[in-house]
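Enquirer: Here is my input; please provide its structure:
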Amino acid sequence: MNILVCLKQTFDTEERITIENGQINEEGAEFVINPYDEYAVEEAIRLKEQHGGEVTVITIGPERAEQALRTAMAMGADKGVIVDIEDLDDRVDEHTIAHVLAAVIEEEELEYDIILCGYMAVDDGSAQVGPRLAELLEIAHISTITKLTVDGNNVTVEKDVEGDVEYIDSKLPILVTAQQGLNDPRYPSLPGIMKAKKKPLTRLELDDLDLEEDKIAAKTEVIDIFLPPKKEEGKILQGDLADQAKELVQLLHSEAKVI
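Expert: Predicted coordinates for the structure are as follows:
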């Protein structure tokens, strides 16, 4: 079985994020595999262990993103591909990324039975790249899966639908996006880390792909980046229940502005 995993390197969610001049300050920040993508990597490795085959991990990002690929290979992936698209500057969004991923699959002639992605990236939360890529490849896709079973050419998944579960049957090839609960990602072992250093890693640039920059330029624009407001102390209402209800309605209208 040939398995592709698309992953992204993101800020460590335990890190303190700071904003300077309308941009996230990367100096001194720790970067990790996007947590949802970790589920995708783990599931790919489990599929390989069960069915045999090969796992290829792909990422788009600066040179530091190679660390994320090496971590995935230390977990058990077989090879990696990293694409540097810095030439596009800030003209990048989910539309861009999906087109670049599709071009990488074509350029590298990567065969696949199943493609796994994280449900979303924790830094932007768009949850668009996986479905967009599936549409470009003209294959079926199922998002937010919490269980995956492959039997020959048949695929059965359990899909998270806002607190409930939907059961879906499909066929290979397919793209699925991983939701929390799909598995428990393993930690890279010391032998795995040593082996990962010798596993093949392909480095590509935008010029290596048959793409026109104008056609893959971002369809959206980031106007501003800001931290959420600091939480204020809560209020304890006093008096009779009827008076508390009136005061609560007034506060929700005048201060919280939710009614």
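Enquirer: Helix or strand next in line after the longest helix seen in the chain, which one?
Expert: As assigned by DSSP state H, the longest helix anywhere in the chain is helix 35-51. Remark: after helix 35-51, the chain's next helix or strand is strand 54-60, criterion DSSP states H and E.
Enquirer: List of residues touching the helix or strand following that next one?
Expert: Using DSSP H and E, the helix or strand that follows strand 54-60 in sequence is helix 66-75. Here helix 66-75 makes contact (C-beta atoms under 8 Å, 6 or more residues apart in numbering) with 5, 7-9, 31-33, 41-42, 45, 57, 59, 61, 77, 79-82, 185-186, 188-189, 192-193, 195-197, 199, 201. Just so you know, the C-beta spots here come from the backbone N, C-alpha and C atoms, and that holds for glycine as well.
Enquirer: Now, of those, which are buried?
Expert: Buried by 16 or more other C-beta atoms under 10 Å: 5, 7-9, 31-33, 41-42, 45, 57, 59, 61, 77, 79-82, 185, 188, 192, 196, 199, 201, out of the contacts of helix 66-75.
Enquirer: Restricting to C-alpha, output stretch 48-58 in PDB.
Expert: The C-alpha trace of stretch 48-58 is given here as PDB (Å, rounded to 0.1, in the frame of the first residue of the first chain):
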ATOM      1  CA  LYS A  48       1.900   0.200   6.600                       C
ATOM      2  CA  GLU A  49       2.500  -2.100   9.600                       C
ATOM      3  CA  GLN A  50      -0.800  -3.900   8.800                       C
ATOM      4  CA  HIS A  51      -0.800  -4.000   5.000                       C
ATOM      5  CA  GLY A  52       2.800  -3.300   4.100                       C
ATOM      6  CA  GLY A  53       3.900  -0.700   1.600                       C
ATOM      7  CA  GLU A  54       5.500   2.700   1.900                       C
ATOM      8  CA  VAL A  55       4.800   6.000   3.700                       C
ATOM      9  CA  THR A  56       5.900   9.300   2.100                       C
ATOM     10  CA  VAL A  57       5.500  12.600   4.000                       C
ATOM     11  CA  ILE A  58       5.300  15.900   2.300                       C
END
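Enquirer: And the strands in the chain, which stretches?
Expert: Secondary structure of the chain, counting by DSSP state E: strands at 2-6, 9-11, 19-20, 23-24, 31-33, 54-60, 79-84, 114-118, 140-151, 154-161, 164-171, 174-178, 201-205.
Enquirer: May I see the buried residues of the first one?
Expert: Just to be clear, that refers to strand 2-6. Under the neighbour-count criterion of 16+ other C-beta under 10 Å, strand 2-6 has 3-6 buried.
Enquirer: again, but for the last one
Expert: Within strand 201-205, the residues scored as buried using 16+ other C-beta under 10 Å are 201-202, 204.
Enquirer: Tell me the one of those nearest N21?
Expert: Nearest to N21 among the buried residues of strand 201-205 is L204, at 30.5 Å by C-beta to C-beta.
Enquirer: The closest residue to that closest one other than its chain neighbours pairs with what?
Expert: In this structure, L204 finds its nearest non-sequential neighbour in V83, 4.7 Å apart by C-beta to C-beta, 6 or more residues apart in numbering. Counting by DSSP bridges, V83 forms beta bridges with I60, L204.
Enquirer: This protein - how does it break down into domains?
Expert: Domain assignment of the chain by automatic domain parsing yields the ranges 2-216, 230-259.
Enquirer: Among those domains, which comes closest to V222?
Expert: domain 2-216 (7.5 Å).
Enquirer: Start and end of the closest one, how far apart?
Expert: 27 Å (C-alpha to C-alpha, to the nearest Å).
Enquirer: Please tell me how far that domain is from the chain's geometric centre.
Expert: Distance of domain 2-216 from its chain centroid, counting by C-alpha atoms, centre = their mean, to the nearest Å, is 6 Å.
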